[in-house]
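In: Here is my input; please provide its structure:
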Amino acid sequence: MAVEQRKGDALIEACRTGDSRAVRELAPTPEDLAARDEHGWSPLDWAAGGGDPVTTSVLLDAGADPTAVTGDGRTPYEIALAAGRREVAGMLREHAGQQPGGWAPYCRAYPLSALRAYRGWPSEAEKSARGGPPDGEAIGYVHDDFTVTTSMWPGEDVLLAEVTPEWKRFCSRELGFAVPDDLDLIPAASGRTDEREAR
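Out: From the prediction side, this is the model:
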């Protein structure tokens, strides 16, 4: 029992410090990978929070479960996301077979003049749902389903309901519209780095 405890402690410490070489040398078993420390965290939880992609990869290759949850219900992916560890969060999401978590409902405002640049913009949309012709400064909201309204609420005051592949391409290419992904929560220049040297 004491030997197993020492190995478990050494594994947790190696994961906390990003020592992927030590993790490999410890050759963790499925039981080692599933073990929790006094904080309720597994080795993979520590690697995810630390943001070390090499250690995370070693643990996943050894059979660590990327969907296991801590005592407070968080997965390693959620830990990496909260810690601002984009690369590791992406690895964990992919390894778990999860789809990107888009925000829904979601909408983004654009000047109607920008929306009118679409060659298929419906002429009936030139009159707002409120009855008057929209001026150049009026706003239209493109929603996660690519419909357009004059309200930020989906389905209310609809200007464009017929969504076509051409409209989706216009929104993506010309407007730069995309529904944010969970990883977009992580600032690009957060002052943190995911890269550590393998020790």
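In: by contact count, what packs against the helix or strand containing Y141?
Out: Y141 is part of strand 139-143 when elements are defined by DSSP states H and E. Applying 3 or more C-beta pairs under 8 Å, 6 or more residues apart in numbering; DSSP states H and E, we find strand 139-143 packed against strand 107-111, helix 112-115, strand 148-149. Where C-beta positions appear, they are placed from N, C-alpha and C, glycine not excepted.
In: Which residues does the last one contact?
Out: What it means is strand 148-149. 107, 115, 125, 129, 140-143, 155-160 (C-beta atoms under 8 Å, 6 or more residues apart in numbering).
In: follow-up on the earlier one: now, of the helices and strands packed on strand 139-143, which is deepest in the fold?
Out: Mean neighbour count, computed with mean count of other C-beta atoms under 10 Å, is highest for strand 148-149 among the helices and strands packed on strand 139-143, reaching a mean of 23.
In: Please report the average pLDDT across the following helix or strand past that one, rounded to a whole number.
Out: As assigned by DSSP H and E, the chain's next helix or strand after strand 148-149 is strand 158-160. Here strand 158-160 scores 92 as its mean pLDDT.
In: Same question for the helix or strand following strand 158-160: list its buried residues.
Out: Going down the chain from strand 158-160, the next helix or strand is helix 165-173, by DSSP H and E. Residues of helix 165-173 classed as buried under the neighbour-count rule (16 or more other C-beta atoms under 10 Å) are 167, 170-171.
In: which one of those is nearest R85?
Out: Using C-beta to C-beta, C171 comes nearest to R85 of these, at 30.4 Å.
In: what's the nearest residue to the closest one if we skip its chain neighbours?
Out: Leaving out its chain neighbours, the residue that sits closest to C171 by C-beta to C-beta, 6 or more residues apart in numbering is F177, at 4.1 Å.
In: And the closest residue to H143 other than its chain neighbours, how far from A22?
Out: Nearest residue to H143, sequence neighbours excluded (C-beta to C-beta, 6+ apart): C107, at 4.5 Å. According to C-beta to C-beta, to the nearest Å, C107 and A22 sit 48 Å apart.
In: Name the residues of the helix or strand bottoming out on mean pLDDT in the chain that come out as buried.
Out: Using mean pLDDT, DSSP states H and E, helix 2-17 stands out as the lowest-scoring helix or strand of the chain, at a mean of 82. For helix 2-17, a neighbour-count test (16+ other C-beta under 10 Å) marks 7-8, 10-12, 14-17 as buried.
In: Before I go, just wanted to say thanks for your time.
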